[in-house]
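In: predicted model and sequence follow; I will ask about them next.
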Amino acid sequence: MEKKYYNITLLSGLCEEEDGTITATLEKEQDTTDIYEAITIFQNWMSETYEGGTLILDEVFAQIDEEGNTLKESKPRNTIIEYNRSDIENQAFTFDIWSQILFQNSKYYNMKEICKLANVSYSSYRNFKSTGHYMSQEAQKRILKAMAYVGNQCWNDKLIHELEDIEHKLLHH
């Protein structure tokens, strides 16, 4: 059976060896099946990431046995958020959480109607979801807000505040 979960990892001493291998020291690691809990953990651990540290939130798919033990990862990890703290002027990050929440919750909605309500072209959304074409984060947020307007399970004020707080810290930290 395949299981999807989220892995949050805090690393230090990340470096590339002469042979191309990447080495690092694992400081902390936690798994959860709840994307919202993963976001909260990531946000809390950001303050513990010191110079030279890397904080990563990955989506992981793994094969599990009857007892629930992980046998092996079944697909490559998908990094949702990555935060590399080097110095105040040169920090790197990726932030792909809006699309994750959109992908996770869109199966519950008539997306043609949601896109119309969000004033986003349905063909743009369809290309974004099926082939990975670019869609702005603003358009993704409008779609999520329209989904919240129609049915309030994928979006709430606390979640948007936490995500915007992380995004603000990544951009201005």
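Out: Perfect, thanks for sending it. Residues are numbered from 1 along each chain as shown.
In: report the buried residues of stretch 160-173.
Out: Using 16 or more other CB atoms under 10 Å as the test for burial, stretch 160-173 gives 162-163, 166-167, 170. C-beta coordinates here come from the backbone N, C-alpha and C atoms, glycine included.
In: of all those, which comes closest to residue 83?
Out: Distance to residue 83, by CB to CB, is smallest for residue 170 among the buried residues of stretch 160-173, at 6.1 Å.
In: how far off centre is whichever strand or helix holds that closest one?
Out: Take DSSP states H and E as the rule and residue 170 turns out to sit in helix 157-172. Relative to the chain's own centre, helix 157-172 is displaced by 12 Å; criterion: CA atoms, centre = their mean, to the nearest Å.
In: what's the answer for stretch 122-142, then?
Out: Put simply, stretch 122-142 sits 16 Å off its chain's centre (CA atoms, centre = their mean).
In: can you list the residues that contact that stretch?
Out: Residues from elsewhere that reach stretch 122-142, judged by CB atoms under 8 Å, 6 or more residues apart in numbering: 98-99, 102-103, 106, 111-112, 115-116, 118-120, 143.
In: repeat the analysis, applying 6 Å as the threshold.
Out: Contact with stretch 122-142 is made by 98-99, 102, 112, 115, 118, 120, as judged by CB atoms under 6 Å, 6 or more residues apart in numbering.
In: related to what we said a few turns ago, name the helices or strands packed onto the helix holding residue 170?
Out: Contacts defined by 3 or more CB pairs under 6 Å, 6 or more residues apart in numbering; DSSP states H and E place helix 157-172 against helix 35-46, strand 90-95.
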